[in-house]
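Asker: can't give you the sequence, but here's the structure:
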C-alpha cells in the first residue's frame, strides 16, 4: 500500500435553495466578481437572475464572461485571464457544468502569471502556484470539476485537448442543487453518467488491491450510477435520482478514492484525442471506449477485478469461472452504456474515422506509454480504437 | 432528502514514515507547542522521541501534558487550558487515541475563553467560537476524533460523560500511520472496531432513505470492518488490515456519511451512561448494546433496512421473508461482536448492575427522548438495558 495525502478543503452546499449562502461566501474573498457561464441556459432557467440578485444585494461588482464552450477552448480562458487582470477581479464565480468550471480554473490561475495560459499545458508545462479564489454553482453532474483541482482545455489550433491539475485551482465553495440539473437532456444525462462511471473505473482498475474499503466504496458509487442514471433519464425531475448522481459526480473524482494506488488513467487520455478532433461529447466517447478497453485488458491474472465489479455492481452470480464472469461483466458494461444509457456504441455511428487512429493513438501516448491497469503503447491504443469501429 | 453542508478541511498524511511532514505543518501555526498524550505508551514505542526530534529540529518550544485518561476527564482538560494560557501556546499536538484527541480539542477551545471548560457541556452549554489549532498523530483506530469536530468528556464529580461538537475544534492536520496501531491489544482493537461500526450504524439506521449512494458507502465501510477486524486481532502487524481499519475509523464519523439525514444517535448516548459510572471501554459497551438496540427497534415497517444490512454486509441470502432476514442480521451482528471480536456480551459479564439502570436511562435522555431510528424514552432505554443483562 502506498502513502498518500488527503486534502480536499472544498465546502459544499448541497440541496435546494441554498443560494442565500452565496453572497456571504463570495464576500469572504472580495466584491469584484467575474461571473462565467456557457451558452445562456442559465438565463432561460432563471438561475442567472437569482445569482445576480444575490450578488447585487451584497453590493458586488459583477463582470461577465459568457459563451464558454463544451470542451472549453484556450481562447475563452485567455479572455477570462484578460478580464481578471483588467478589472482587478477578487473571485471567480463559475455557473455551469464541467466545461465552464474547468475554463474558470485556468482563468483564475492565468490571472496570477504573466505568460500565456496555454503554457500551463503539455510536456514542459509551467507551474501553477497560485490562483484567484473560485466559487462554483453546478448545473450538470458529470466531470466532478466542482470538487477537484483539475480541468481539461482544448486548443483547436494545435488539435490538443490537455488536462492539468493543481491544488490552487480547487474551488473554495461549490453549490450543488440537484434541481438545477432537471433541465439536462436525456443524452447529456447519459453522457454525464458515463463520464463519472469512467472516473471511478480509471481508479478501480488499479495496480494495488489493498485498500478494500475504497474498492468497496467505488462499487457503492458505481451501483448508484447504475441505479439512478436510468431513472434520471426517464424522469428528469426525480430529485432523489438527480441528487444521488450529483453527489456521486463529485466523489468520483475528488481524489478520495485514489488512496495512493498506483494507476494511470487510460480511457480518458484516449477519449480526449477523439474529442480534440471530432468535438464529440466526452462522456459518449468514454461510453464507446470503456467496454472495449476492459476487454483489451482482461487476462486470467486480473480477472478477479472484473469478477468483483460484476458481482458487486451488476449483481452477476458469483458462482462460475472467473473468466466467464469477467466476460459477462464486460458485456453488462457495454449493455449499460449502449442500451440503458442509449449511447450509440461505435465510432462509425458518431463519425470517427479510421484514418485518424494513428495520429490520435500517438497523441494519447504523448508523454509515453499509458502505464495503467495494462500498459498501453500507441499500437495498443490503435487496436482498442479498431475494436470500437 | 434534506439539505446539508459538507465541510471537512482536515489534511491527512496517511501511511508510514510521514513524520517528516510534521514540523512544516506545525510551523504554519507557530513554534510554541503543547504536546498531549496518555499513559506513556508513546515513550515505550519510540514515537515520543521521533516527534520530539522533529519538533526540536524545527526549533519549536514544546510543553507537555501527559496522563490523559481513557474516557478523558474534565480535570485533564482544565490542566491543558491552564498550560495554553500560561505558556502562550500556538498549536496543540495530540499524540494518541480518541481520548487524548478529544481532551485536546477542549483544551484548544478552553484556551480561547475565560469560563471553565465544563461550561461547554450540558443543556445550557456555552458556545465554542474559536479554538487554538490542533494537529494529531493517531495511535488507535476507533473514535474518528482525528477527522471530526467532536469529543466526549467525563466529569467524575457529577458522573456525567458528555459530548460536544464545534467546527473550530476540527484538527487542521492528522497523521495516520497504520504501523502505530501494531501494538494495540486484541481487546482494544476489538473495542475500536465496535466503536467505528456503531458510528456507522447510528447513521445507517436513519429516517430518510433517499441517499442510496451514502447507504451503499456505509455498507462498504461495514464490510471493511467485518473483513479486517478479525485479521488485525489475529495478526497485529498486518499493514493492510490496520490501514483499512484506520482510514475507516476516520470516515465513519467525519460527517460525510450523514448527508443531511434525519437521525439521532442512540447507542452512543446509552453507552456513555454506562462508562460514565463504570468506566468500561466505550467500544465494549457499544458491542453489548448494539444488537439489543437493533432487536428493540425492529418492526415490519423498517425491516428492509436490516435486510439491506444483512444481505450487503453479512452476505445473507436475500431470498426469504424480510423479518426472518432481519432477525438473522441481528444474530449475525451479535455473533460478530461477541464471537468474532470476542467481547463478552452481557452487562453481567462486565459488572454493570440493574440497580443503576433507572438513573442511567434517565440521564441518557437528559435532553428529552432520543428521537432516532425509533424514539427512545427512558423506559425504552431501561428495557434495552434489561435485554443486556
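Answerer: Cool, got the structure. On a predicted model such as this, the values are computed, not experimentally measured, just so you know. Numbering: from 1, shown residues only, chains lettered A, B, ... in the order given.
Asker: domain parsing for chain A?
Answerer: If you go by automatic domain parsing, the domain ranges for chain A are A:11-180, A:186-387.
Asker: Quick check: end-to-end length of the shortest one?
Answerer: Start and end residues of domain A:11-180 are separated by 18 Å (Cα to Cα, to the nearest Å).
Asker: Rounded mean pLDDT for that domain, please.
Answerer: Average pLDDT, domain A:11-180: 96.
Asker: now swap in the last one and tell me
Answerer: Computed over domain A:186-387, the mean pLDDT rounds to 95.
Asker: now stretch A:77-85: how far from the chain's centre is it?
Answerer: Centroid displacement of stretch A:77-85 relative to its chain, using Cα atoms, centre = their mean, to the nearest Å, is 23 Å.
Asker: Please apply the same query to stretch A:177-185.
Answerer: Distance, centroid of stretch A:177-185 to centroid of chain: 17 Å (Cα atoms, centre = their mean).
Asker: Kindly report the same for stretch A:253-264.
Answerer: With Cα atoms, centre = their mean, you get 14 Å for stretch A:253-264.
Asker: hmm, who's touching it?
Answerer: Residues outside stretch A:253-264 that contact it (Cβ atoms under 8 Å, 6 or more residues apart in numbering or on different chains) are A:1-4, A:6, A:8, A:10, A:143-144, A:147-150, A:196, A:199-200, A:202-208, A:211, A:214, A:217-218, A:221, A:251, A:370-373, B:14-15, B:247. Where you see a C-beta, it was placed from the backbone N, CA and C, and this is true even at glycine.
Asker: of these, buried ones?
Answerer: A:1, A:4, A:6, A:8, A:10, A:143-144, A:147-150, A:196, A:199-200, A:202-206, A:211, A:214, A:217-218, A:221, A:251, A:370, A:372-373, B:14-15, B:247 (16 or more other Cβ atoms under 10 Å in any protein chain shown).
Asker: Quick one: mark the members of these that sit in helices.
Answerer: Among the buried ones among the contacts of stretch A:253-264, DSSP state H puts A:196, A:199, A:200, A:202, A:203, A:204, A:214, A:217, A:218, A:221, A:251, B:247 in helices.
Asker: my guess is the second one contacts residue A:145, does it?
Answerer: Which is residue A:199. No - using Cβ atoms under 8 Å, residue A:199 is not in contact with residue A:145; the gap is 10.9 Å.
Asker: Pull the contacting residues for the residue lying closest to residue A:165 once chain neighbours are set aside.
Answerer: Nearest residue to residue A:165, sequence neighbours excluded (Cβ to Cβ, 6 or more residues apart in numbering or on different chains): residue A:150, at 3.7 Å. Counting by Cβ under 8 Å, 6+ apart, residue A:150 makes contact with A:102, A:105, A:163, A:164, A:165, A:166, A:169, A:253.
Asker: Try it again at 7 Å.
Answerer: A:163, A:164, A:165 (Cβ atoms under 7 Å, 6 or more residues apart in numbering or on different chains).
Asker: Ok, residue A:360 next?
Answerer: A:273, A:274, A:277, A:385.
Asker: Buried members of the contacts of residue A:150 into ChimeraX, please.
Answerer: Here the buried members of the contacts of residue A:150 are turned into a ChimeraX selection, burial being counted by 16+ other Cβ under 10 Å:
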select /A:164
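Asker: Mind putting the contacts of residue A:150 into a markdown table with secondary structure and distance to residue B:312?
Answerer: Shown next, in a markdown table, are the contacts of residue A:150 (DSSP: H, G, I helix; E, B strand; the rest coil; distance: Cβ to Cβ, whole Å):
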| residue | secondary structure | distance to residue B:312 |
| --- | --- | --- |
| A:163 | strand | 35 |
| A:164 | strand | 38 |
| A:165 | strand | 34 |
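Asker: hmm, back to that, looking at the ones in helices among the buried ones among the contacts of stretch A:253-264, which one is closest to residue B:53?
Answerer: Of all those, residue B:247 has the smallest distance to residue B:53: 26.7 Å, by Cβ to Cβ.
Asker: so how many other residues sit close to the nearest residue to that closest one once chain neighbours are set aside?
Answerer: Leaving aside its sequence neighbours, residue B:247 sits nearest to residue A:213 (Cβ to Cβ, 6+ apart; 5.9 Å). Residues lying near residue A:213 (other Cβ atoms under 10 Å in any protein chain shown) number 24.
Asker: tell me the contacts of the nearest residue to residue A:302 once chain neighbours are set aside?
Answerer: Closest residue to residue A:302 apart from its sequence neighbours, by Cβ to Cβ, 6+ apart: residue A:373 at 7.1 Å. Contacts for residue A:373 (Cβ under 7 Å, 6+ apart) come out as A:205, A:206, A:207, A:266, A:297.
Asker: try 10 Å this time
Answerer: A:201-207, A:262-266, A:293-294, A:296-298, A:302, A:305 (Cβ atoms under 10 Å, 6 or more residues apart in numbering or on different chains).
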